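[1] Build me a model from this:
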Amino acid sequence: MSHYYRVKKYRELRKGYMSMNESKDYEKEKSTNNEASSSIYTISNGEIIDADNLSNKSGCNESQLNIISNEASTSNYTVNNEENIDQLSNVSDSVRALLNDSPTSQTPINKKIKQWTLQNLDTLRLNVVSELLLILREEGHTSLPQTAQTLLGTKHSRVLQVMFSNRETEGAYMYLGIQNGLEKIISLDAYSENEIPVFIHIDGMQIYQNSQFQVWPISVKICHPKYDCKPFVAGIFCGDSKPRSSNDYLHDFVEEAKHLINNGIELHGTRYSFKINAIIADSPARAFIKCCKPPNSFFACERCTTKGISVRKKRSVKRVYPEMNSRKRSKESFLQKKQPEHCKENVESALLQLPDFNVINFIVIDSMHLLYCGVMKFLLEKWIVKTNVAGLKKQQVCYLKDLMTSITPDIPCEFQRKKFDINAIPR
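    All right, here's what the predicted structure looks like:
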């Protein structure tokens, strides 16, 4: 029992004790109440102060607190902390409205409780909902589940794998599966093709803007001009940096993809062939999954064997690749490591195990990262951030910002990033 209800009960017993002192025949009742107040409800001064603070802080009148107290005591329910008391007092009216609904209603109570929980998820904790379900079950509503997870259907049998990050700290990895995702988005009446070609996207992103944790999802999207399907996540890693080993990260994905490419995939009783058209990633992620040198190294070019040189400009050093007609890379040269400076030592990418997959051509160099987020961002830094002859004045920057805001509603759906914040350029 919480401090508040212990103090409340203690004061009720003391009040009864004082009233009995004024009567003539009270010895038996006095001894009974003294025993109760001294053993079961032994109250310290700190508990009394805490209870008074809670009463003043909550702003509830006596009748409202009695409602909560009666609900808790009737169901033999123990309130564990002040936060649960506040949440139960806030939701008691809506719960009572659900229970007092007419018995002839067509909507079962399970659906009502679930709908109410979803509407209040921003202010409710799931353990509070689970405690409420136990109370309702004890009051005769045995059709309700015992936990909020079962009520909302969020229980799963997936097991998190411990996977180390690049900083040698423990992260978590969960593989959800390619076939499981395709079963949810493909229906026989909508998809009439014999083959399922897909794009794979791999990249890392921060969970929050100022958080050290990041997630690395493996996203899958059907690639077909006739069908517009949302991507789904086949696997995801969470840690304070990227995974330490790309092969551990890609193992489950590669094993399932090998099986689907060789044997096809059966969905809703229909068999389809499966093909990976391309893997899309930015430069650091491409180097990570291919187990080759990072994009700022001397032999970083993914399409030819040119060697870069360092060019010092003021305080910065740039890596440039002046040779334009170097020998092109191929799948065979990559497998044989004919240019060992390009590949990492003693490790091979798990993607090389994929059947009929060209690790050079099918891991694409996309225009968004190279041109729009690369060259264009470089130019904007010259125009807006850095002080030089080509820099824009503050008035011109504000005018540019207004122009970009005005054209946002007219940007077609093919552009994925419809909003661009100029203030984010320095970051």
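[2] quick one: low-confidence ranges for the stretch 101-250 of the chain?
    101-107, 155-158 (pLDDT under 70).
[3] try 50 this time
    101-106 (pLDDT under 50).
[4] how about the strands in it?
    161-164, 170-175, 195-202, 205-206, 214-222, 232-239 (DSSP state E, counting those that start in this stretch).
[5] Now do the fourth one: which elements does it pack against?
    With contacts defined as 3 or more Cβ pairs under 8 Å, 6 or more residues apart in numbering; DSSP states H and E, the secondary structure elements packing on strand 205-206 are strand 214-222. Yep, even glycine has a C-beta here, placed from its N, CA and C like the rest.
[6] mind listing what the strand it packs on pairs with, with the direction of each?
    strand 195-202 (antiparallel), strand 205-206 (antiparallel), strand 232-239 (antiparallel) (DSSP bridges).
[7] what about the ones you listed, which gets the closest to residue 421?
    Comparing these against residue 421 with Cβ to Cβ, the closest turns out to be strand 205-206 (15.8 Å).
[8] For the closest one, give me every contacting residue.
    213, 214, 215 (Cβ atoms under 8 Å, 6 or more residues apart in numbering).
[9] Kindly report the same for stretch 183-196.
    With Cβ under 8 Å, 6+ apart as the criterion, stretch 183-196 contacts 182, 222, 224, 226-227, 229-230, 232, 265, 267-270, 272-275.
[10] List every C-alpha atom in it, with coordinates, as CSV.
    Backbone C-alpha positions of stretch 183-196 (Å, rounded to 0.1, in the frame of the first residue of the first chain) are rendered in CSV as follows:
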residue,chain,number,x,y,z
GLU,A,183,3.8,-11.6,-47.4
LYS,A,184,2.4,-8.5,-45.9
ILE,A,185,2.6,-6.2,-49.0
ILE,A,186,1.9,-8.6,-51.9
SER,A,187,-1.6,-9.9,-52.7
LEU,A,188,-2.6,-12.2,-55.5
ASP,A,189,-5.2,-9.8,-56.9
ALA,A,190,-2.8,-6.9,-57.1
TYR,A,191,0.5,-8.5,-58.1
SER,A,192,0.3,-10.5,-61.3
GLU,A,193,4.0,-10.8,-62.2
ASN,A,194,6.1,-14.0,-62.0
GLU,A,195,9.2,-12.4,-60.6
ILE,A,196,9.8,-10.1,-57.5
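[11] can you pull the buried residues of it?
    185, 186, 191, 196 (16 or more other Cβ atoms under 10 Å).
[12] just curious, which of these is nearest to residue 149?
    For the buried residues of stretch 183-196, the nearest to residue 149 is residue 185 (24.5 Å; Cβ to Cβ).
[13] returning to what we had before: mind putting the strands paired with strand 214-222 into CSV with distance to residue 303?
    Shown next, in CSV, are the strands paired with strand 214-222 (distance: least, Cβ to Cβ, whole Å):
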stretch, distance to residue 303
strand 195-202, 19
strand 205-206, 26
strand 232-239, 27
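[14] Look up phi and psi at the closest residue to residue 365 other than its chain neighbours.
    Leaving aside its sequence neighbours, residue 365 sits nearest to residue 302 (Cβ to Cβ, 6 or more residues apart in numbering; 6.6 Å). When read as degrees, to the nearest 10, the backbone of residue 302 gives phi -90, psi -10.
[15] relative orientation of the longest strand belonging to the chain and strand 214-222 in degrees?
    With secondary structure taken from DSSP state E, the chain has its longest strand at strand 270-280. Angle, strand 270-280 to strand 214-222, by axes from the mean of the first three to the mean of the last three Cα atoms, to 10 degrees: 130 degrees.
[16] next helix or strand past strand 270-280?
    Next helix or strand after strand 270-280 toward the C-terminus (DSSP states H and E): helix 283-290.
[17] Give the buried residues for that following helix.
    Buried, per 16+ other Cβ under 10 Å, within helix 283-290: 283, 285, 286, 287, 288, 289, 290.
[18] Now do the following helix or strand past that helix, average pLDDT.
    Next along the chain after helix 283-290, taking DSSP H and E as the criterion, comes strand 309-313. Mean pLDDT, strand 309-313: 86.
[19] Parallel or antiparallel, which strands does the helix or strand following strand 309-313 pair with?
    Proceeding N to C from strand 309-313, the next assigned helix or strand is strand 316-320, under DSSP H and E. Next to strand 316-320 in the sheet, as set by DSSP bridges, lie strand 309-313 (antiparallel).
[20] how is the chain carved up into domains?
    For the chain, the structural domains run 109-152, 161-291+347-365, 368-426, going by the TED database.
[21] can you redo the ones you listed as JSON lines with distance to residue 335?
    Below are the domains of the chain laid out as JSON lines (distance: least, Cβ to Cβ, whole Å):
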{"stretch": "domain 109-152", "distance to residue 335": "47"}
{"stretch": "domain 161-291+347-365", "distance to residue 335": "7"}
{"stretch": "domain 368-426", "distance to residue 335": "25"}
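[22] Can you check which of these gets nearest to residue 329?
    That would be domain 161-291+347-365 among the domains of the chain, by Cβ to Cβ, at 5.3 Å.
[23] And the closest one, end to end?
    Start to finish, the residues bounding domain 161-291+347-365 are 31 Å apart (Cα to Cα, to the nearest Å).
[24] just to revisit the earlier point, among the contacts of stretch 183-196, which ones are buried?
    182, 222, 229, 232, 265, 267, 272, 274.
[25] and the gap between residue 240 and residue 395?
    Using Cβ to Cβ, to the nearest Å, residue 240 is found at 42 Å from residue 395.
[26] So which of these two has more stuff around it?
    Under the criterion of other Cβ atoms under 10 Å, the comparison of residue 240 against residue 395 puts residue 240 first, with 14 against 8.
[27] Tell me if I'm right that the more buried one and residue 170 touch.
    No. Counting by Cβ atoms under 8 Å, residue 240 does not reach residue 170; the two are 9.4 Å apart.
[28] now the helices for the stretch 101-250 of the chain?
    109-119, 126-138, 148-152, 178-185, 246-263 (DSSP state H, counting those that start in this stretch).
[29] nearest to residue 365, of those?
    Across the helices of the stretch 101-250 of the chain, closest to residue 365 is helix 246-263 (Cβ to Cβ), at 18.3 Å.
[30] Quick one: list the elements packing against that closest one.
    strand 170-175, helix 178-185, strand 214-222, strand 232-239, strand 270-280, helix 283-290.
[31] what mean pLDDT does stretch 328-345 have?
    pLDDT averaged over stretch 328-345 gives 90.
[32] List the buried residues in it.
    In stretch 328-345, counting by 16+ other Cβ under 10 Å, buried: 329, 334, 339, 342, 343, 344.
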